[in-house]
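Peer 1: Compute the structure for the input listed below.
(one chain, ligands or ions: 1)
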Amino acid sequence: MRRPIVAGNWKMNKTSAEAVKLAEELKPLLADVKGVDIVLCPPFTSLEATYKTIRGANLLLGAQDMFWEESGAYTGEISAKMLLTSGCKYVILGHSERRTYFGETNQTVNKKLKAALRAGLVPIVCVGERREEREAGVTQQIVEDHVAGAFEGIRAEQASEVVIAYEPVWAIGTGLTATPEQAQQVHAFIRQILTKLYNSNVGQQVRIQYGGSIKPDNATALFSQPDIDGGLVGGASLTASSFAEIVKSV
Ligand code: 13P
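Peer 2: This next block holds a predicted model:
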């Protein structure tokens, strides 16, 4: 049985004070929820303050990116150990916005994935096709490249710990959600890829989130698909009531 996981990717939103306020609002709304990993991913500058707010509650902390080296002359970068010691358990890697604006590639995602696993963080690896790729009928090829590229050189025991987020780029921040059937099809395909790369245990154990315009009114239909284990929520995670509703629908 895969444990569901719902994460809020706050992207470049919320000062520390605003992050603490949102985390404070979420605590009572989600206090009764059991059996779900609930992860908040604020910007780096709000990690520690958010962690102090949620410590002891049923909320976990994640970061939105990290660098693959452990330390050194890498101006502007953040290491896995820095995230761990700020209270993070999770780290999002390879988000499409990082691929689009910051030159992230399957190779850099692979390096970051190895470094995150080495440090003991749970990576959430984002994969997904752009609109023109879906229209050109190459969704499966793109998703396979993203998954195979990210997992290159990762052993099976480690691979089953990784969380994958399927985020079709055309559905991010656009209000265009993939239909539950479209998402389910790709999630099932990702399990096939993992089975081919490793074995059916890994294919069945890896948790796969859907992301892209998840809202309270479409979450239940998406989460009830057999291969969808939760969500990576952007815009709707910035308001306590809507994120709480989404978490509860898993
Ligand atoms: P939206 O929920 O705003 O579409 O963002 C999805 C996303 O990119 C989560 O990582």
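
Peer 1: residues touching the residue of the chain found nearest the ligand, list them.
Peer 2: Checking the chain residue by residue against the ligand with CB to the nearest ligand atom singles out G234 as nearest, at 2.2 Å. (C-beta placed from N, C-alpha, C; glycine too.) The contact partners of G234, by CB atoms under 8 Å, 6 or more residues apart in numbering, come to 9, 11, 172-173, 211, 213-214.

Peer 1: Strands of the protein, start to end?
Peer 2: According to DSSP state E, the chain carries its strands in the segments 5-9, 37-41, 60-63, 90-93, 122-127, 163-166, 207-211, 230-233.

Peer 1: can you give me the helices for this protein?
Peer 2: For the chain, applying DSSP state H gives helices covering 16-30, 47-54, 80-84, 96-101, 106-119, 131-135, 139-151, 156-159, 180-197, 200-205, 216-223, 240-249.

Peer 1: rewinding a little: pLDDT-wise, what's the bottom of the contacts of G234?
Peer 2: pLDDT across these is lowest for G173, at 90.

Peer 1: Tell me the bridge partners for the residue most central in space within the chain.
Peer 2: Note on the chain: the residue nearest the mean C-alpha position is I124, at 4.1 Å, using CA atoms, centre = their mean. Using DSSP bridges, the bridge partners assigned to I124 are I92, V163.

Peer 1: Look at it and report its pLDDT.
Peer 2: Per the predicted model, pLDDT is 99 at I124.

Peer 1: what sits against it?
Peer 2: Counted by CB under 8 Å, 6+ apart, I124 has contacts 7, 39, 62, 90-93, 162-165, 209, 232.

Peer 1: neighbours around the nearest residue to K89 once chain neighbours are set aside, how many?
Peer 2: Nearest in space to K89, with sequence neighbours left out and distances taken as CB to CB, 6 or more residues apart in numbering, is L60 at 5.0 Å. Neighbour count for L60, taken as other CB atoms under 10 Å: 19.

Peer 1: pretty sure V33 is in contact with K248, am I right?
Peer 2: Yes: with contact taken as CB atoms under 8 Å, V33 and K248 are classed as touching, separated by 6.4 Å.

Peer 1: Ends of stretch 167-176, what's the gap?
Peer 2: Its start and end residues considered, stretch 167-176 measures 12 Å (CA to CA, to the nearest Å).

Peer 1: What are the buried residues along it?
Peer 2: For stretch 167-176, burial by neighbour count (16 or more other CB atoms under 10 Å) applies to 167-172.

Peer 1: Show residues contacting it.
Peer 2: Stretch 167-176 is touched from outside by 95-97, 100, 126-131, 134, 139, 177-178, 182-183, 186, 210-213, 232, 234-235, with contacts defined as CB under 8 Å, 6+ apart.

Peer 1: Check whether that stretch comes into contact with the ligand.
Peer 2: Yes: judged by CB under 6 Å from any ligand atom, stretch 167-176 comes into contact with the ligand through 167, 172-173.

Peer 1: Pull up the residues of the chain that are close to the ligand.
Peer 2: For the chain, the contact set with the ligand under CB under 6 Å from any ligand atom comprises 9, 95, 167, 172-173, 211-214, 232-236.

Peer 1: Tabulate the buried residues of stretch 167-176 (TSV), appending distance to T75.
Peer 2: Written out in TSV, the entries for those read as follows (distance: CB to CB, whole Å):
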residue	distance to T75
E167	29
P168	33
V169	29
W170	34
A171	34
I172	29
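
Peer 1: T139 and S71, how far apart?
Peer 2: Between T139 and S71 the distance, using CB to CB, to the nearest Å, works out to 39 Å.
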